[in-house]
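> predicted model, plus sequence, below.
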Amino acid sequence: MAPPKIIKALNESEVICTYDEASNPIIPKKTLKGYAKDVLDVFLPAGYPHTVTPDYTPYQIYDSLQAFSSTIAGLLSSRAVLQGFGVGDSASSATAAVLLTVLQESTGRIATILFAHRHGRAIEPECKFYRFLADIVNDSALFLSILSPILPAYPKVLALCGVGVLRALCGVSGGAAKASLSAHFAKNSNLAELNAKDGSQETVISLLGMLVGSMFVHVVHGKIAVGISMVLLVVVHLWTNYQAVRAVQMRTLNRQRLTIILQEATGSNGVILRPDQALKTAGWDLETNAMETGPSVRIVMGDENKLA
C-alpha cells in the first residue's frame, strides 16, 4: 500500500499548513515548542516572519524594552503630578485640581492642532526622526512632572501646562510616525492585523511595566533617589528607542537618502546602494533633514546648463 500523499500549502492567512489527500489539515502532536509558538502567535502577525519585513523583529524587541522602561518612569512621574495637583496637601481643594487639569488638557489639545498643522507633512519621509523625537519630548515631560511638586504656585501651573504640551507633541509625532513604520513593516496587505498585534504587545509590556513599577514606586522615595532612578530609566529608554529606529531600513527616499544614493550613483564607482547600505553611509542613522549630509543635488549632478 502506497504511503498517503502529504501536501503543504498556504492557507488564507498565508501560513504554511500540511494536508492529506482528502485536503484535511494534518495537526501535529503538540510539544512544548508548539505551545510556545501558540503563545507567540497571539502577539505576532499571521505568517510571521514571512509576512513582515526583516527589520520588524529587531525593532519590536527594542520597542518593547523602551516601552517597559517608559512605563516605570511614567509611574514615578504620575506620583509627582498628583502631588502637583495637591494630593496629600490639606490646603489644596478638589476644585483647584480640576481647573488645573482642564488648563493642562486645553493647552495640550491646542498644541496638538498646531503641531499637526506645522509638521504633519514632514513626518512621513522623516518617520524615524519623529519617532525618536516623540520619546525625547515625552521624557522631557516626565522630568518636568517630577520637578512640579517643588515649584511655587504659578511656576507649577506653567510647568504642568508644559507637561500637557510636551505630551501632546509626543502623541502626534509618535502616533503618525508609528503609522508610517507599520505600513513599512506590513508586506502582505496585513497592516490592520499588524497594528492590532502591536497593540497586544504594548498591552502586555505595559502590564509588566506597571507590575514592576508599582513595586518600584513603593520602594523609591526622596528627591535624590527619584532623580537618580529617573535618569537611569530615561537613559535606558532613549538608548533602546534609538536602537529601535536605527534597525529600521526604509525602502522610500527622503532628502538625505536621496543625496547619498545620488552621490554613490554618480561617483567613480557608479554603485546603486541598497537601503541597508544607504543607512550605513548616512551621517546620522536617524536620517534627519536637519543635518548637512553632503553636497547638494546640483553639485552632485553637475551644473544644470551642462545637463541641458
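All right, it came through fine. Numbering: from 1, shown residues only.
> how is this structure divided into domains?
Using automatic domain parsing, the domain ranges for the chain come out as 7-43, 56-246, 258-307.
> quick check: which element contains the closest residue to residue 242 other than its chain neighbours?
Once flanking residues are discounted, residue 242 sits nearest to residue 132: 6.3 Å by Cβ to Cβ, 6 or more residues apart in numbering. From N, CA and C alone the C-beta is placed, and that goes for glycine too. Secondary structure assigned from DSSP states H and E places residue 132 in helix 127-147.
> buried stuff in the very next helix or strand once past that helix?
Per DSSP H and E, the first helix or strand lying C-terminal to helix 127-147 is helix 153-185. Within helix 153-185, the residues scored as buried using 16 or more other Cβ atoms under 10 Å are 156-157, 159-174, 176-178, 180-182, 184-185.
> kindly report the same for stretch 266-275.
Going by neighbour count (16+ other Cβ under 10 Å), the buried part of stretch 266-275 is residue 273.
> then that stretch to CSV, C-alphas only?
Output in CSV follows, covering the C-alpha atoms of stretch 266-275 (Å, rounded to 0.1, in the frame of the first residue of the first chain):
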residue,chain,number,x,y,z
THR,A,266,27.3,59.4,-10.0
GLY,A,267,30.6,58.8,-8.3
SER,A,268,33.6,56.9,-9.7
ASN,A,269,32.1,53.5,-8.7
GLY,A,270,28.6,54.2,-10.0
VAL,A,271,27.0,52.0,-7.4
ILE,A,272,23.3,52.0,-6.6
LEU,A,273,23.1,51.5,-2.9
ARG,A,274,20.6,49.2,-1.2
PRO,A,275,18.5,50.6,1.7
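> how many neighbours does the residue nearest to residue 40 when sequence neighbours are not counted have?
With sequence-adjacent residues excluded and distances taken as Cβ to Cβ, 6+ apart, residue 40 is closest to residue 48, at 7.9 Å. Close neighbours of residue 48, defined as other Cβ atoms under 10 Å, add up to 18.
> ok, now residue 152?
Neighbours around residue 152, by other Cβ under 10 Å: 7.
> could you check how far it is from residue 159?
10 Å (Cβ to Cβ, to the nearest Å).
> try residue 169
Distance of residue 169 to residue 159, computed by Cβ to Cβ: 16 Å.
> how about residue 54?
43 Å.
> next: residue 56.
From residue 56 to residue 159 the distance is 38 Å (Cβ to Cβ).
> swap in residue 38?
According to Cβ to Cβ, residue 38 and residue 159 sit 48 Å apart.
> one step back: so for the helix holding residue 132, mean pLDDT?
Regarding helix 127-147, the rounded mean pLDDT is 92.
> ok, now stretch 53-61?
Averaging pLDDT along stretch 53-61 yields 94.
> in it, what counts as buried?
By neighbour count on 16+ other Cβ under 10 Å, the buried set for stretch 53-61 is 53, 55-56, 59-60.
> looking at those, which is nearest residue 117?
residue 59 (28.7 Å; Cβ to Cβ).
> you'd agree the closest one is up against residue 246?
No: here residue 59 lies out of contact with residue 246, judged by Cβ atoms under 8 Å, at a distance of 9.2 Å.
> and the helices in this protein?
Secondary structure of the chain by DSSP state H: the helices cover 32-43, 56-84, 94-123, 127-147, 153-185, 191-219, 223-247, 255-266, 275-281, 297-301, 304-307.
> please identify the most buried of these.
helix 127-147 (a mean of 22; mean count of other Cβ atoms under 10 Å).
> quick one: mean pLDDT over stretch 150-168.
Stretch 150-168 comes out at a mean pLDDT of 88.
> picking up where we left off before, so the residue nearest to residue 242 is in contact with residue 243, correct?
No: at 10.4 Å, residue 132 does not count as touching residue 243 under the criterion of Cβ under 8 Å.
> mind checking how far the residue nearest to residue 145 when sequence neighbours are not counted is from residue 231?
Spatial nearest neighbour of residue 145, excluding adjacent residues (Cβ to Cβ, 6+ apart): residue 77 at 4.1 Å. Separation of residue 77 from residue 231 (Cβ to Cβ): 13 Å.
> ok, residue 51 - contacts?
14, 45, 186-188, 190 (Cβ atoms under 8 Å, 6 or more residues apart in numbering).
> if we can go back for a sec, okay, the angle between the helix holding residue 132 and helix 223-247?
Here helix 127-147 runs at an angle of 170 degrees relative to helix 223-247 (axes from the mean of the first three to the mean of the last three Cα atoms, to 10 degrees).
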